[in-house]
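Asks: need a 3D model of the following:
(2 chains)
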Amino acid sequence: MDNREFLDNLNLLKIKKHNNQELLDKILNQAKKTPQKRAFLDFSFFDWIFNTIKKPVLAQGLFFLIIFISGFLFASSFNSNTDNNIQFISQLFWGYI
Amino acid sequence: MTDEQYMQGIKEKNHLAFQIITERYIDRATSFAIRMVGNRLISEEITQELFLKIWEKAYMWNEQKASFKVWFYSILKNLCIDYLKKKKESYWENLDLIEDNFEIIDKINKKEKAKIVKDAIDSLKKEQKSAIILFYYEELKIKEIAKIFNKSEKAIESLIIRARAKLKERLKNG
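Replies: Prediction:
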């Protein structure tokens, strides 16, 4: 089947013209009753993150790094001894070995 | 005025701008939906949902990311695919939806052929089906379809090539 014949075949499937006036009125009336939604948060910061880090694996890596640093800072708030903090975090992640 | 200018109006809750956009695009929305789901009543429900989404969520449209046309077809395609996923299969309630202003002699012949084309399109995967409809019937460019699918132009080209090969095979066998 050549391209011409293929296109002729596709052209057989034309949709009948239909008067959509009733549907149009219905949509417009419903829109009048419906308030517009507003963005709950300004997502520009997240847009910036996702646009900067396009590869999901990098985004995941960054996410875990942030979690790890937060955990470390959290642990530091209890104890000023850094070695103990590292041990505490490794216990958090790996359990007691 | 361009669609984008009217969209700015819709963002500012301008009902006249919404009316103009709806009038401009209502026929395209229903014909795309009919080709996807094969049922006029459902296609009208999808069209209604589509335009209300455009109204309610106008703030989500970003001119820098995509033209209005691309955004419009992205929502429409997703609504149709969501419906098809729930429904599992599409069916054409009857062939009366198809325009049949053929010559009387070959009217039956052509109507039968149209049924074969419809069945062939229905047999495609949902993504292939929507890509074929957007490319051949809605006459969108590969670049625009790529944005709608959020894929590269190469990926869309191969999607259409595979769909076309499948269609040709079906039509040859039909």
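
Asks: could you report the neighbour count for residue 72?
Replies: Just going to use chain A. Residue A:72: 16 surrounding residues under other CB atoms under 10 Å in any protein chain shown. Bear in mind the C-beta positions are built from the backbone N, C-alpha and C, glycine included.

Asks: that's the other chain; I wanted chain B
Replies: 24.

Asks: repeat that for the one 3 residues further on.
Replies: Applying other CB under 10 Å, we find 20 residues neighbouring residue B:75.

Asks: same question, residue B:140
Replies: Counted with other CB under 10 Å, residues neighbouring residue B:140 total 19.

Asks: tell me the pLDDT of residue 47.
Replies: Since you didn't name a chain, this refers to chain A. Looking at residue A:47, its pLDDT stands at 62.

Asks: oops, wrong one, chain B.
Replies: With respect to pLDDT, residue B:47 scores 95.

Asks: give the contact list for it.
Replies: A:20, A:23, A:27, B:26, B:29, B:30, B:33 (CB atoms under 8 Å, 6 or more residues apart in numbering or on different chains).

Asks: residue A:23 against residue B:26, yeah?
Replies: Yes: applying CB atoms under 8 Å as the test, residue A:23 and residue B:26 come out as touching, 6.7 Å apart.

Asks: now do the buried residues in the strand or helix carrying residue B:147.
Replies: Per DSSP states H and E: residue B:147 is located in helix B:142-149. Under the neighbour-count criterion of 16 or more other CB atoms under 10 Å in any protein chain shown, helix B:142-149 has B:142, B:144, B:145, B:146, B:147, B:148, B:149 buried.

Asks: and the nearest residue to the second one once chain neighbours are set aside, how close does it get to chain A?
Replies: The shortest distance from residue B:144 to any residue that is not its chain neighbour, by CB to CB, 6 or more residues apart in numbering or on different chains, is 5.4 Å, and that residue is residue B:70. Distance from residue B:70 to chain A, counting by CB to the nearest CB, to the nearest Å: 17 Å.

Asks: residues contacting residue B:70?
Replies: The contact partners of residue B:70, by CB under 8 Å, 6+ apart, come to B:144, B:147, B:148.

Asks: buried ones in stretch B:20-38, by neighbour count?
Replies: Neighbour-count burial for stretch B:20-38 flags B:20-22, B:25-38 (criterion: 16+ other CB under 10 Å).

Asks: redo the contacts of residue B:70 as JSON lines? Include pLDDT and distance to residue B:173.
Replies: As requested, the contacts of residue B:70 are exported to JSON lines (pLDDT from 0 to 100; distance: CB to CB, whole Å):
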{"residue": "B:144", "pLDDT": "93", "distance to residue B:173": "32"}
{"residue": "B:147", "pLDDT": "92", "distance to residue B:173": "34"}
{"residue": "B:148", "pLDDT": "92", "distance to residue B:173": "30"}
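
Asks: and those residues, which is closest to residue B:134?
Replies: residue B:148 (6.9 Å; CB to CB).

Asks: thought that closest one was touching residue B:73?
Replies: Yes: if you go by CB under 8 Å, residue B:148 and residue B:73 touch, sitting 5.1 Å apart.

Asks: common neighbours of these two, please.
Replies: Common neighbours of residue B:148 and residue B:73 (criterion: CB under 8 Å, 6+ apart): B:134, B:140.

Asks: where along the chain do the helices fall?
Replies: Picking chain A for this. With DSSP state H as the criterion, chain A has helices at A:3-11, A:21-33, A:44-52, A:56-76, A:82-94.

Asks: that's the other chain; I wanted chain B
Replies: Going by DSSP H, chain B shows helices at B:3-11, B:15-37, B:40-56, B:68-87, B:107-122, B:126-132, B:142-149, B:153-173.
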